[in-house]
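> Need coordinates for the below:
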Amino acid sequence: MADGSVDILKDARAKAYATALADLNPAQPELFQSNTMWPIFERLRKEDPVHFTAESEYGPYWSITKYNDIMAVDTNHQVFSSEGGITIATQDGDEGPLPMFIAMDPPKHDVQRKTVSPAVSPMNLAILEPLIRERAAKILDSLPIGEEFDWVDKVSMELTAMTLATLFDMPQEDRRKLTYWSDVVTAVPGHGLIDTLEQKMQIFIEYHAYFTELWNQRVNAEPAGDLISMLAHGPETRDMSPREYFGNIVLLTVGGNDTTRNTITGSVLALNQNPDQYKKLRENPDLIPSMVSETIRWQTPLAHMRRIATQDFEMGGKTIKKGDKVVMWYVSGNRDDEVIHDPDSYIIDRERPRQHISFGFGIHRCVGNRLAELQLKIIWEEIMKRFPDIQVVSEPKRVFSTFVKGYESMKVIIPTRL
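Presented below is the predicted three-dimensional model:
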């Protein structure tokens, strides 16, 4: 496998193949935290690519594990609805899950997405690029040489929080609130960040109040180019309920934060685990865009998305029933050897590096995918100007989640500066 300790993975593989097929349940956050979910997906792709898990902590659900099947589900929103939440763990509170455009079907989805998409248009990215580059340079120039530090905290979180604060046009000194709130949204109570659901709700009240204040400022000002002004003045969004507005803020926070920062971290890890590829990159920095795409595939920063079947549907010889929960495991689709050559290897000069499913497909394809690629490209262009080597010194601490495939911390040393 691409990463993880060999012995731990050996044990995980033995266990995955010893378990009765019907009992396989990939939706276990501890497997993702220990990076040992791979053998389960490997077996499901081979033996049961449309797999029903009757019992799990999230209730019964279907696992879709092969690339082309995932594409078929992701592009068929008539049968596979996003209404009601996009993760297997969506909690139905008193009022149901928070409304947000990624968890909506057309036509409402389309008009809300269209309202915010100018923020990440090619024209706006061209305006953002020099600012992102200036910040990346400043972050990298402040890093200690020859001493251990946490790459996640000092680099990955910093750059993505700065960019997101700019898109929201909020004060840069508040940027780490975005990181914190983003983590709270996807955190499982009792696993580090928060202890209880009540505590999570309390933090949500502060988060909601902060962005309500920003809405009130923008709605009473002239329309501007930031995400909140776009929502406050957009003809299709200016009358949205406070809950729906907050739902979209949550979506934009997590989407703009977790994905890019975990891929920035993943890029350093992948290059360390594959020194031949790191050497290739040093010898040919023109491979950066290709390396970025390969990392997004290899990392798959969001492991899955869920849908609900709106009708009975035949797939892979199985009948998915109306109302069933269907989980598209992007993390597995990106390792499907029928579509991607040698998918467990990290190869930065692949022939078709952008052939991955990390951004999803169809109407819900990640709205900020080009911004994610841009931030990764810039940080690596700036790294290559400064540091001949970044060394990962210990196994990273991974997130306890079946949704965010990411890192809490990763210790590195930069031996010298160019």
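> My guess is K154 contacts I139. True?
Yes - the criterion here is C-beta atoms under 8 Å, and K154 meets it with I139 at 7.2 Å. The C-beta positions use only the backbone N, C-alpha and C, and glycine is treated the same way.
> Which residues does stretch 358-368 contact?
If you take C-beta atoms under 8 Å, 6 or more residues apart in numbering as the criterion, stretch 358-368 is touched by 70-71, 74-77, 82, 102, 106, 109-110, 113, 116-117, 120, 255-256, 259, 296-297, 299-302, 305, 330, 334, 369, 372.
> What about those residues, which are in helices?
Counting by DSSP state H, the contacts of stretch 358-368 place 70-71, 74, 109-110, 113, 116, 255-256, 259, 296-297, 299, 330, 369, 372 in helices.
> So which of these sits lowest on pLDDT?
Ranked by pLDDT, the ones in helices among the contacts of stretch 358-368 bottom out at H109 (71).
> CA atoms only: put stretch 22-37 into CSV for me.
This file holds the C-alpha atoms of stretch 22-37, laid out as CSV (Å, rounded to 0.1, in the frame of the first residue of the first chain):
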residue,chain,number,x,y,z
ALA,A,22,-21.6,-9.6,4.5
ASP,A,23,-20.1,-8.2,7.7
LEU,A,24,-17.5,-5.9,6.1
ASN,A,25,-18.1,-2.3,7.2
PRO,A,26,-15.6,0.2,5.9
ALA,A,27,-17.3,3.1,7.8
GLN,A,28,-15.2,2.9,10.9
PRO,A,29,-13.4,6.1,11.8
GLU,A,30,-10.7,4.2,13.7
LEU,A,31,-9.7,2.4,10.5
PHE,A,32,-9.1,5.8,8.8
GLN,A,33,-7.2,7.1,11.8
SER,A,34,-4.8,4.1,11.7
ASN,A,35,-4.8,4.2,7.9
THR,A,36,-5.9,0.5,7.7
MET,A,37,-9.1,0.7,5.7
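> That stretch - what's its average pLDDT?
95.
> contacts for that stretch?
With contacts defined as C-beta under 8 Å, 6+ apart, stretch 22-37 is touched by 3-4, 8-9, 11-12, 16, 40-41, 43-44, 48, 51-58, 61, 63, 65, 88, 188, 191, 303-304, 327, 329, 331-332, 398-402, 405.
> Check which residues of it are buried.
24-27, 29, 31-37 (16 or more other C-beta atoms under 10 Å).
> Just these: which are in strands?
Among these, DSSP state E puts none in strands.
> Distance to T265 for these - can I get that in JSON lines?
Below are the buried residues of stretch 22-37 laid out as JSON lines (distance: C-beta to C-beta, whole Å):
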{"residue": "L24", "distance to T265": "29"}
{"residue": "N25", "distance to T265": "27"}
{"residue": "P26", "distance to T265": "23"}
{"residue": "A27", "distance to T265": "23"}
{"residue": "P29", "distance to T265": "18"}
{"residue": "L31", "distance to T265": "19"}
{"residue": "F32", "distance to T265": "15"}
{"residue": "Q33", "distance to T265": "15"}
{"residue": "S34", "distance to T265": "17"}
{"residue": "N35", "distance to T265": "13"}
{"residue": "T36", "distance to T265": "19"}
{"residue": "M37", "distance to T265": "18"}
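> ok, these vs L125, which is closest?
Of all those, L125 sits closest to F32, with 31.0 Å by C-beta to C-beta.
> returning to that earlier point: list the ones among the contacts of stretch 22-37 that fall in strands.
51-53, 61, 63, 304, 327, 329, 398.
> Who wins on neighbours among those?
Counting neighbours by other C-beta atoms under 10 Å, the top entry in the ones in strands among the contacts of stretch 22-37 is W329, with 29 neighbours.
> OK, contacts around that one?
Contacts of W329 (C-beta under 8 Å, 6+ apart): 26, 41, 63-65, 70, 303-304.
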